[in-house]
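[1] got a structure for you, letters missing:
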Ligand SMILES: NC(=O)C1=CN([C@@H]2O[C@H](COP(=O)(O)OP(=O)(O)OC[C@H]3O[C@@H](n4cnc5c(N)ncnc54)[C@H](O)[C@@H]3O)[C@@H](O)[C@H]2O)C=CC1
Ligand SMILES: O=C([O-])CC(=O)C(=O)O
């Protein structure tokens, strides 16, 4: 993704030659429409910028309840492939969604210091419900990338809304947990003193506090200079990464720029999968049977229909096994809260 952006910034010939190397002719690069819901927000704006730089996108629809004409006019002047259109207000939501291949949802309120992600449930659950009802109507086959918190509940809400509408396909619904992976990579590289762009760390579980479980025992490149205490501290910092930003922003919201980066990486992976690029693997919170919980984040292989394979957890250290058992009750109750909300209202 970073290379895609760098190549795009250097000019379109290099990005199209990259596409050619991947087996696409410039004429046959499939048309792909991406819709961003909440596009005028703190995440939505930089995410709109990054999706405008993505050479796989041919149409970019920017939807919000306010402010999208300005964001769309601004982003539309960038000389990259996609056509940009802004849509504002519920009566334009259908047009924004129609024909979308990927819908990214960063709509909703962010945390302030002292709040948990679950404290956002009361407002964001309703927003996600209404947006998913519209997705079921206007683009039932789109891949849905859920960013709105609490992800541990909003993904189950989306699943229930799609089930009620008769459009649910578990292969097409993703909770975006990429920021946890981005943080785990950055923090690990800093501590282990290895080149950050070479680092890989799976992060499993969910997306809140102790439900975020980075698997540093599977990190690459291997670091022999980290003690058990270091691993504990890295795990805690990854779990509290969102709170670190919320506190630093001191009432002005939560992570937006790093989240836009993470959201753009995950959407890029979805587009590559749709386009048939092989071996696209990212962590995501999806319907899962790798534990007894109905939704769980783990590595997922992406393909032409969305999820191609939910990969297992692999070997865990004793510390990670303990973390896995400790996260299950909280994750289970967040999932159940989402399911109950969708079915009672
Ligand atoms: N999954 C993750 O890793 C992360 C998730 N988040 C979550 O993303 C969400 C958005 O965060 P920010 O962009 O910082 O908030 P923000 O308040 O800056 O932007 C949210 C946008 O959503 C819009 N919105 C509200 N209701 C809407 C509706 N019904 N339809 C369309 N748009 C609507 C607002 O007008 C606003 O422009 C929050 O719930 C936050 O907790 C934030 C960071 C990381
Ligand atoms: O912490 C928050 O509220 C936003 C978020 O999900 C993150 O930054 O991981």
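    Okay, I see it. Given the structure is predicted, the values throughout are model-derived calculations rather than measurements. Ligands and ions are numbered 1, 2, ... in the order given.

[2] In a helix, residue 286, correct?
    No. Looking at residue 286 with DSSP: H, G, I helix; E, B strand; the rest coil, it is strand, so not inside a helix.

[3] I'd say it and residue 294 touch.
    No. Residue 286 is beyond contact range of residue 294, at 10.1 Å (criterion: CB atoms under 8 Å). To be clear about C-beta, it is placed using only N, CA and C from the backbone, and glycine gets the same treatment.

[4] So for these two, which sits in the more crowded spot?
    Each of residue 286 and residue 294 has its neighbours counted (other CB atoms under 10 Å); residue 286 has more, 23 against 16.

[5] Just give me the residue closest to the centre of this structure.
    Centroid-nearest residue in the chain: residue 176, 2.5 Å away (criterion: CA atoms, centre = their mean).

[6] what's the distance between that residue and ligand 2?
    9 Å (CB to the nearest ligand atom, to the nearest Å).

[7] residue contacts, that residue?
    Neighbouring residues of residue 176 by CB atoms under 8 Å, 6 or more residues apart in numbering: 104, 145-147, 151, 262-263, 266, 284-285.

[8] What of residue 220?
    Contacts of residue 220 (CB under 8 Å, 6+ apart): 198-200.

[9] How about the residues of this protein by ligand 1?
    37-38, 40-44, 64-66, 106-111, 120, 124, 127, 130-131, 147-149, 151, 176, 179, 207, 253-256, 259 (CB under 6 Å from any ligand atom).

[10] Just the buried residues from the contacts of residue 220, in ChimeraX please.
    In ChimeraX, a selection of the buried entries from those looks like this (16 or more other CB atoms under 10 Å):
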select :199
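
[11] would CSV of the contacts of residue 220 with secondary structure, distance to residue 223 and pLDDT be doable?
    Listed next are those as CSV, based on DSSP: H, G, I helix; E, B strand; the rest coil; distance: CB to CB, whole Å; pLDDT from 0 to 100:
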residue, secondary structure, distance to residue 223, pLDDT
198, helix, 12, 98
199, coil, 9, 98
200, strand, 12, 98
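
[12] for the contacts of residue 220, which one is nearest residue 235?
    Minimum distance to residue 235 across the contacts of residue 220 is 15.3 Å, recorded for residue 199 (CB to CB).

[13] The closest one touches residue 221, doesn't it?
    Yes. Using CB under 8 Å, residue 199 is in contact with residue 221, at 7.2 Å.

[14] For residue 189, see how far away residue 222 is.
    Noted for residue 222: a distance of 13 Å to residue 189, by CB to CB, to the nearest Å.

[15] Sorry, wrong one. I was asking about residue 173.
    31 Å.

[16] before we move on, the earlier item: next up, phi/psi of the residue nearest to the centre of the chain, please.
    phi -80, psi 110 (degrees, to the nearest 10).

[17] Over to residue 301?
    Given degrees, to the nearest 10, the pair of backbone angles that residue 301 has is phi -90, psi 130.

[18] Next, count neighbours for it.
    Neighbours around residue 301, by other CB under 10 Å: 15.

[19] who touches it in this structure?
    Neighbours of residue 301 in contact, by CB under 8 Å, 6+ apart: 279-281, 307-309, 311.

[20] Would you agree residue 153 is in contact with residue 337?
    Yes. Here residue 153 reaches residue 337: they are 5.2 Å apart, a contact under CB under 8 Å.

[21] on that earlier part again, which two of the contacts of residue 301 have the greatest separation?
    Top of the distance list for those (CB to CB): 279 and 307, 14.3 Å.

[22] higher neighbour count, these two?
    residue 307 (22 against 9).

[23] shouldn't that one be in contact with residue 169?
    No. At 9.2 Å, residue 307 does not count as touching residue 169 under the criterion of CB under 8 Å.

[24] name the element residue 158 belongs to?
    Assigned by DSSP states H and E, residue 158 belongs to helix 151-165.

[25] which residues does residue 205 contact?
    By CB under 8 Å, 6+ apart, the neighbours of residue 205 are 211-213, 296-297, 323-324, 327, 331.

[26] How about residue 69?
    86, 88.

[27] Apply 10 Å and report the result again.
    40, 62, 85-88 (CB atoms under 10 Å, 6 or more residues apart in numbering).

[28] Same question for residue 219.
    184-185, 188-189, 192, 194, 199-202, 226, 231, 234.

[29] From residue 278, how far off is the closest residue to ligand 2 within the chain?
    Among the residues of the chain, residue 242 lies closest to ligand 2, at 2.2 Å counting by CB to the nearest ligand atom. For residue 242, the distance to residue 278 (CB to CB) stands at 33 Å.
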